[in-house]
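Enquirer: I'd like to go over a predicted model; first the sequence, then the structure.
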Amino acid sequence: MANSRTRCLHCREYFPAESVLRLPAGSFCTYQHAIDYGLTKSKKAKEKAQATAHKIYKAQVKQNDMRHQHKLTQSTVNRLCLVLDQGKPCISCGRPDQGGRMRNASHFKSRGSNSYLRYDLRGLHASCVPCNLYQSGNIEGYRSGLIERYGSAIVDYLDTAPRVKAWTAPELIQMRSEVSEEIRRLERGEQPSRDWRQIVTN
């Protein structure tokens, strides 16, 4: 076509159609621009591959970083605790649910010295901020609250359960998956998949 113009794939300028080089990679104004285009494309592909490899490496490092895994898992389990206890009073003092930042997920047994119970929702309940943060959980009130809500069996279980467990990354990842699904279930208004605070007695 007379006066038709074609754009160089490298410099993006237009040239008379009859003067451009038509190669499998596209149209170029000169051989040098065809070479430069190929080098640039190769460099970008290499950088993309390196970025992908780095992202995979970081994910693998994080997966094997137990501190990171515990942090993610604790946050997820705490969220389920607060969803399960929505509308219920503070386990330690009976203060009504005021929602938002006024509520914490409180451990009956210190998670630092009781790793076995760290993610056990039978020992994790919604507590008001004053009890959890300023009274170290108000454990005596917590004990009374557990007995009043569930009976003495739950306290017996928590007092006699093993203290130490060496969690593995796959265990924590699997737990987060199950807990996250339960949170989504509850937020859809469905019933819990199971009783997370149940104590089986003989």
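Expert: All right, it came through fine.

Enquirer: Next, the buried residues of stretch 65-80.
Expert: Of all the residues in stretch 65-80, those buried under the rule 16 or more other CB atoms under 10 Å are 69-70, 73-74, 76-78, 80. Just so you know, the C-beta spots here come from the backbone N, C-alpha and C atoms, and that holds for glycine as well.

Enquirer: nearest to V129, of those residues?
Expert: N78 (13.7 Å; CB to CB).

Enquirer: how about that closest one, what does it touch?
Expert: 104-105, 124 (CB atoms under 8 Å, 6 or more residues apart in numbering).

Enquirer: Of these, keep whichever come out buried.
Expert: Using 16+ other CB under 10 Å, the buried ones in the contacts of N78 are 104-105, 124.

Enquirer: measure R111 to L117 for me?
Expert: 8 Å (CB to CB, to the nearest Å).

Enquirer: and what of S92?
Expert: Taking CB to CB, one finds S92 at 17 Å from L117.

Enquirer: that older thread, inside helices: which ones of the buried residues of stretch 65-80?
Expert: Members of the buried residues of stretch 65-80 lying in helices (criterion: DSSP state H): 69-70, 73-74, 76-78, 80.

Enquirer: for the helix-or-strand element of the chain with minimal mean pLDDT, which positions count as buried?
Expert: Least confident helix or strand of the chain, by mean pLDDT, DSSP states H and E, is helix 31-64 with a mean of 86. By neighbour count on 16+ other CB under 10 Å, the buried set for helix 31-64 is 33-34, 37.

Enquirer: Quick check: the residue most central in space within the chain vs L172, distance?
Expert: Geometric centre of the chain, nearest residue: L72, 5.3 Å, by CA atoms, centre = their mean. Noted for L72: a distance of 8 Å to L172, by CB to CB.

Enquirer: coming back round to it: so for R111 and L117, which residue has more residues nearby?
Expert: In this view R111 and L117 are compared by other CB atoms under 10 Å, and L117 has more residues nearby, 23 against 15.

Enquirer: does that one really touch I154, like I thought?
Expert: No - if you go by CB atoms under 8 Å, L117 and I154 don't touch, sitting 11.6 Å apart.

Enquirer: Correct me if wrong: R111 contacts Q74.
Expert: Yes - look at R111 against Q74 with CB under 8 Å: they come within range, at 7.4 Å.

Enquirer: Overlap in contacts, those two.
Expert: R118.

Enquirer: pLDDT below threshold where in this structure?
Expert: When residues are selected by pLDDT under 70, those of the chain lie in 1-2, 61, 63, 200-202.

Enquirer: Quickly list the domain ranges of the chain.
Expert: Annotated domains of the chain cover 5-63, 66-187 [automatic domain parsing].

Enquirer: Of these, which stretch is the most buried?
Expert: Among the domains of the chain, domain 66-187 has the highest mean neighbour count (mean count of other CB atoms under 10 Å), at a mean of 17.

Enquirer: Name the helix or strand for S106, please.
Expert: strand 103-107 (DSSP states H and E).
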